[in-house]
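**Student:** Let's see this in three dimensions:
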Amino acid sequence: MSPVTIPVGPQHPALKEPESFDITLEGERILGVTMRLGYNHRGIEKACEARSWVQDLFLLERICGICSHAHSTAFCMAVEDIASLQVPPRAQFIRTLVGELERIHSHLLWLGVAGHEIGLDTLMMYAWRDRETVMDLLALLTGNRVNYGINLIGGVRRDVSAEQLEQVLRSIDFLEQRVRYYVEVARTESTLHQRLAGVGPLSMDDARRLGAIGPTGRASMVDRDTRRDDPYLAYGEVQFKVITDWHCDVYGRTLVRLGELLESFSIIRQLAARLPAGPLKVKAPRKVPAGQAVARYEAPRGEDLHFVRSNGTERPERVKVRAPTLANLASVAKMLENHRLADVPIVIAAIDPCFSCTDRAVRLARSAGCERLSWAELRQHGIDWYRREAGLDLAALDRRLAAHPPPGGPP
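**Tutor:** Next up, the predicted model:
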């Protein structure tokens, strides 16, 4: 039987965001996988260069709706490092509290998606019902269910009252009961175990070699967690275990996330008991001094990196984001080798991918002597590509819009 290559994506029922996987098959067995990024690129890094530091804070928060606090906090930490700002302890605790609630939100969302991908929609309904509890807590503390906007450069914008902490602790007690039930289901439900065990294997050596991070790496016995290894915010003030697992497959990644939920509950209780008094922020300069810094943040999906460079003006000179999914994508092709086509959705979902976080622009080489295009040349390249590949003449569309503008003026 000769190999065939089939596309999965960029638009596919198994993918929640546009991404392209070309899968080479021999019958039902997967021989190899290639991936293509770029379907959801939004140019956020470049957009940061044209906006102020405060505007960039809220722009970067919108890299991802599930890890919004992770991105905004990492950016804040980098800028605060450059500006030598000492964030008050109370603000650090509040940032940590919101971060752990976000981790609970993310892992419950993933649990529901994983159930859906294997046809266990009952699990999805249960997990997403419980997810509403933590989203209500985030709205209570920050005013928003998504893109919380709690951070400011130099601190946080909202305090946490004693009554709010009581509500958080009551909800955490309820969620812990639910998660312990899910742990029992994962350990005893034979159907779940048979569908996930042995699927998407990734050995510890391969996980290290391919740079797997977060729950993906820890489920292959890679004992790394930035919260413990390079403490930031208030993580140096609390005790928690780094959850690892020896199964090295999708089943192990499920157990790691469930174990991390229980640790998050413990961290939140410690934060509530030790929340210090004091101010919420320090005054940040309008112009950040020249310098550069890298911030590391253990997002729910893995380590999130933000590089920021300032030239002493009101705007950053460079902002670079390495989201966790970008680090974990290399391991997906290895996980799929010699598995069946039916395993593709759950193996991809097992890294909890966010392709909006991951997408990057393609670097175009015009000639051997010039590797960069100007903005005008890049725009013309896009016009020519769409005309050639999709039969869409954008230049003619521009001319028609100029001749017959829509009511109310340009959009």
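**Student:** Spatially nearest residue to the residue minimising distance to the centre of the chain, not counting backbone neighbours?
**Tutor:** The centre of the chain sits closest to Cys67, judged by Cα atoms, centre = their mean, with a distance of 4.8 Å. Leaving aside its chain neighbours, Cys67 sits nearest to Ala299 (4.7 Å; criterion: Cβ to Cβ, 6 or more residues apart in numbering). Yep, even glycine has a C-beta here, placed from its N, CA and C like the rest.
**Student:** cool, and Asp22?
**Tutor:** Nearest one to Asp22, counting by Cβ to Cβ, 6+ apart, is Thr34 at 4.8 Å.
**Student:** Would you map the helices across the stretch 201-350 of the chain?
**Tutor:** Listed in chain order, the helices of the stretch 201-350 of the chain (DSSP state H, counting those that start in this stretch) span 204-210, 214-218, 226-229, 250-274, 324-336, 344-349.
**Student:** and the ones you listed as JSON lines, adding mean neighbour count?
**Tutor:** JSON lines is the format used below for those (neighbours: other Cβ atoms under 10 Å):
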{"stretch": "helix 204-210", "mean neighbour count": "16"}
{"stretch": "helix 214-218", "mean neighbour count": "28"}
{"stretch": "helix 226-229", "mean neighbour count": "18"}
{"stretch": "helix 250-274", "mean neighbour count": "21"}
{"stretch": "helix 324-336", "mean neighbour count": "23"}
{"stretch": "helix 344-349", "mean neighbour count": "22"}
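**Student:** got a list of what the spatially closest residue to Leu255 that is not a sequence neighbour touches?
**Tutor:** Using Cβ to Cβ, 6+ apart and skipping the chain neighbours, the partner closest in space to Leu255 is Asp245 (5.1 Å). Taking Cβ atoms under 8 Å, 6 or more residues apart in numbering, we find Asp245 in contact with 218-221, 252-253, 255-256, 259.
**Student:** tell me the phi and psi of the residue nearest to Asp22?
**Tutor:** phi -120, psi 150 (degrees, to the nearest 10).
**Student:** and it, what pLDDT?
**Tutor:** We have a pLDDT of 84 for Thr34.
**Student:** Measure how buried it is and give me the count.
**Tutor:** Neighbour count for Thr34, taken as other Cβ atoms under 10 Å: 11.
**Student:** Name all residues that make contact with it.
**Tutor:** Taking Cβ under 8 Å, 6+ apart, we find Thr34 in contact with 21-22, 333.
**Student:** now swap in Ile268 and tell me
**Tutor:** 97, 100-101, 168-169, 172.
**Student:** buried sites along stretch 35-52?
**Tutor:** Residues 35, 37, 39, 44-45, 48, 51 are the ones in stretch 35-52 that count as buried (16 or more other Cβ atoms under 10 Å).
**Student:** Out of the residues you listed, flag the one nearest to Val134.
**Tutor:** Ile44 (26.1 Å; Cβ to Cβ).
**Student:** from what I can see that closest one touches Leu60, true?
**Tutor:** Yes - counting by Cβ atoms under 8 Å, Leu60 is a contact partner of Ile44 at 6.8 Å.
**Student:** Now for the two: what residues contact both?
**Tutor:** Common neighbours of Ile44 and Leu60, using Cβ under 8 Å, 6+ apart, are Val321.
**Student:** how far away is the residue nearest to Leu255 from Ser190?
**Tutor:** 19 Å (Cβ to Cβ, to the nearest Å).
**Student:** How about Ile213?
**Tutor:** According to Cβ to Cβ, Ile213 stands 31 Å off from Ser190.
**Student:** Confirm that Gly119 sits in a strand.
**Tutor:** No - with DSSP: H, G, I helix; E, B strand; the rest coil as the criterion, Gly119 is located in coil rather than a strand.
**Student:** what's the pLDDT at it?
**Tutor:** Predicted confidence (pLDDT) for Gly119: 84.
**Student:** Tell me how far it lies from Pro345.
**Tutor:** Counting by Cβ to Cβ, the gap from Gly119 to Pro345 is 10 Å.
**Student:** One more: Gly252?
**Tutor:** Going from Gly252 to Pro345 by Cβ to Cβ gives 18 Å.
**Student:** and if you look at Tyr297?
**Tutor:** From Tyr297 over to Pro345 the distance is 29 Å, taken as Cβ to Cβ.
**Student:** again, but for His404
**Tutor:** 45 Å.
**Student:** What sits closest to Met351 if chain neighbours are left out?
**Tutor:** Just so we're on the same page, residue 351 is Ile rather than Met. Asn328 (4.4 Å).
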